[in-house]
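Q: Using only what follows, build the 3D model:
(one chain, ligands or ions: 1)
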Amino acid sequence: MIDDACQFLRERWGDWCPEVGIVLGSGIQLSGDDFREVDRVPCRDIPGLPVPSVEGHAGEWAAYDHGDLPVLLLGGRVHLYEGHSVEAVTTGMEILAGLGCGKVILTNAAGGIRPGWQPGEVVMIRGHLDFQLQGMITPGGSGDVFDPLWQERIQIRSRRDDGSELAEGVYAGLPGPTYETPAEVQMLRKLGADLVGMSTIQEARKAQSLRMDAVAFSLVTNAAAGTGDSEELNHEEVLQAGRDSRDRVLQVVRRALACHAADAES
Ligand code: HPA
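A: Numbers count the residues shown, from 1 in each chain. The predicted structure follows:
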């Protein structure tokens, strides 16, 4: 199936081949004049790719040239909590690797556990706690899954451009689909989690096992359950916060792309 998908895309794209794959979290979209659209492909047309179940969002992959850099936006992320298997959730990573793409940028919406982080904070994920406990049979998937060199370059650029480093933290991935209880959030905090969400980990692990370099960023859309003012978390608020802070995530994605280019040149 992966071979069929790669063949389908190669036939469609000819010489065009993505160097960086991007997966964006809830409510976050890629936009801007610096992304020149090359193609859009509905997920349902790509052999073997699962189609997201969220109403009204069939999902599509969008190919862009960002300057000279070919990037592929993998829209239509599917989640374990929709009933998908690890294989289904990570099919996009397999296809990217099959196309010869070597780098992935993952983003997500997350609850902030670390005190002081407000909604809108963008955090680079340094490490993760896997409470999705799906296991991965793929060989080669141990150790930290994010690329330290790429992360370092992003921090150097953040210091230069903003005068400060990007926040960093540990992401706890839970199965969902419900938000955590306040007691669960306290447990996660004691275990060292700074963020909590329901995606990203399986994709990052798969990318690592396929020898792709990955970096990941969380957009804090809400204080994790029991740590903020609101009584109950609500998916619509999370989506709205994602839309409101989209530009901040895109700024970090652009920075990661620029650092990829620097990486490729050096
Ligand atoms: N918990 C889990 N996933 C999330 C949250 C949260 O608080 N916010 C956005 N995604």
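
Q: any idea of the mean pLDDT in the helix or strand encompassing residue 127?
A: For residue 127, the host element (DSSP states H and E) is strand 122-130. Strand 122-130 shows a mean pLDDT of 95.

Q: For that strand, name the packing helices and strands.
A: Strand 122-130 sits against helix 148-162, strand 167-173, helix 201-209, strand 213-223, helix 246-265, with contacts defined as 3 or more C-beta pairs under 8 Å, 6 or more residues apart in numbering; DSSP states H and E. Every residue, glycine included, has its C-beta placed from N, CA and C.

Q: For these, give me a markdown table that also has mean pLDDT and distance to the ligand.
A: Output for the helices and strands packed on strand 122-130, formatted as a markdown table (pLDDT from 0 to 100; distance: least, C-beta to the nearest ligand atom, whole Å):
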| stretch | mean pLDDT | distance to the ligand |
| --- | --- | --- |
| helix 148-162 | 95 | 22 |
| strand 167-173 | 97 | 9 |
| helix 201-209 | 93 | 12 |
| strand 213-223 | 95 | 5 |
| helix 246-265 | 84 | 13 |
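
Q: Check whether whichever residue of the stretch 101-250 of the chain sits closest to the ligand sits in a helix, strand or coil.
A: Nearest residue of the stretch 101-250 of the chain to the ligand, counting by C-beta to the nearest ligand atom: residue 111, 2.2 Å away. What DSSP: H, G, I helix; E, B strand; the rest coil gives for residue 111 is strand.

Q: isn't it right next to residue 179, touching?
A: Yes. Using C-beta atoms under 8 Å, residue 111 is in contact with residue 179, at 7.2 Å.

Q: more crowded one of the two?
A: Comparing residue 111 with residue 179 by other C-beta atoms under 10 Å, the one with more neighbours is residue 111, at 28 against 19.

Q: Look up the residues forming beta bridges with that one.
A: When assigned by DSSP bridges, residue 111 has beta-bridge partners residue 196, residue 222.

Q: Show the contacting residues for it.
A: By C-beta atoms under 8 Å, 6 or more residues apart in numbering, residue 111 lies in contact with 179-180, 185, 195-197, 220-225, 233.

Q: What of residue 255?
A: 154, 157-158, 161.

Q: Residue 59 too?
A: By C-beta under 8 Å, 6+ apart, the residues touching residue 59 are 42-43, 51-52, 75-77.

Q: near the ligand at all, the strand holding residue 127?
A: No. Strand 122-130 lies out of reach of the ligand by C-beta under 6 Å from any ligand atom, never closer than 12.4 Å.

Q: three-state assignment of residue 29?
A: coil.

Q: For the stretch 51-200 of the chain, give me the ranges with low pLDDT.
A: 54-58, 134-143 (pLDDT under 70).

Q: if we can go back for a sec, biggest separation within the contacts of residue 255, which pair?
A: 154 and 161 (10.4 Å; C-beta to C-beta).
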